[in-house]
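S.K.: Okay, here's the prediction I keep looking at, along with the sequence it came from:
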Amino acid sequence: MEVADNSIVTHREIVMIKPMASVRAEQRITSKGRFWVGHSGLFWLMMGLELCLLLSVLVWLLSSIPLRTPLATTPDVTELAREIQGRMNGTILDPMIEIKPGITVHSSNIRGFRFQGHIYYYYVEGAVNYDPLSRGLLRLDQVEIVLRDESGVRPIVIYRVQ
């Protein structure tokens, strides 16, 4: 290997030309990029992005579950159905209220009734009802339907306000 001068290097009959570069150009070529973070910095950057992704998935999952589990605090629904059947057939005292002249309904149909610490309402499907849901005072998304009892002549829907 022979060196003729700084710009030409020969090696076994092959001539290589070494380009001349200024000191400033060499500094630009060898300097790191502006956003270069190194190997450990790149690792922590990727870990941060992965953590953000996992946290966003967790927030999405938590926001998609209901605020409370339906029927979590509902008493035995058979006892509740017996309570309503008793009110409707007269075995449980439930005074009648006159809505309009000639139209009377059980007071529990209008005001609901308290059973094990909660107020329950009901309506009979296929009949004229005066409960808050049937009168339009409540929307369907404001109530929790507890039971749809089909054991009688007409189905009875029992619900409570959320």
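M.R.: That came through fine. Residues are numbered from 1 along each chain as shown.

S.K.: Please report how far residue 55 lies from residue 46.
M.R.: Counting by CB to CB, to the nearest Å, the gap between residue 55 and residue 46 amounts to 15 Å. Where C-beta positions appear, they are placed from N, C-alpha and C, glycine not excepted.

S.K.: That should have said residue 40, apologies.
M.R.: Using CB to CB, one obtains 11 Å as the distance from residue 40 to residue 46.

S.K.: again, but for residue 100
M.R.: The separation that residue 100 has from residue 46, given CB to CB, amounts to 72 Å.

S.K.: So between these two, which is more surrounded?
M.R.: Between residue 100 and residue 46, residue 46 has the larger neighbour count (other CB atoms under 10 Å), namely 10 against 7.

S.K.: would that one count as being in a helix?
M.R.: Yes: counting by DSSP: H, G, I helix; E, B strand; the rest coil, one finds residue 46 located in a helix.

S.K.: Tell me where this protein has helices.
M.R.: If you assign secondary structure with DSSP state H, the helices in the chain sit at 23-30, 38-64, 77-89, 107-111, 132-135.

S.K.: packing partners for the last one?
M.R.: What it means is helix 132-135. On a contact count with 3 or more CB pairs under 8 Å, 6 or more residues apart in numbering; DSSP states H and E, helix 132-135 meets strand 118-124.

S.K.: Pairing partners for the strand it packs on, with directions?
M.R.: Sheet pairing here is set by DSSP bridges, and for strand 118-124 it gives strand 113-115 (antiparallel), strand 156-161 (antiparallel).

S.K.: What are the structural domain limits within this protein?
M.R.: Each domain of the chain is listed here as a residue range: 1-31, 38-65, 77-161, per automatic domain parsing.

S.K.: ok, residue 88 - how many residues close by?
M.R.: The local packing of residue 88 (other CB under 10 Å) involves 17 other residues.

S.K.: For the protein, give me the ranges with low pLDDT.
M.R.: Within the chain, the ranges that satisfy pLDDT under 70 run 1-38, 67-75.

S.K.: sorry, back to before: right, so the domains of the chain: which one is the most enclosed?
M.R.: Of those, the one with the most neighbours on average (mean count of other CB atoms under 10 Å) is domain 77-161, at a mean of 15.
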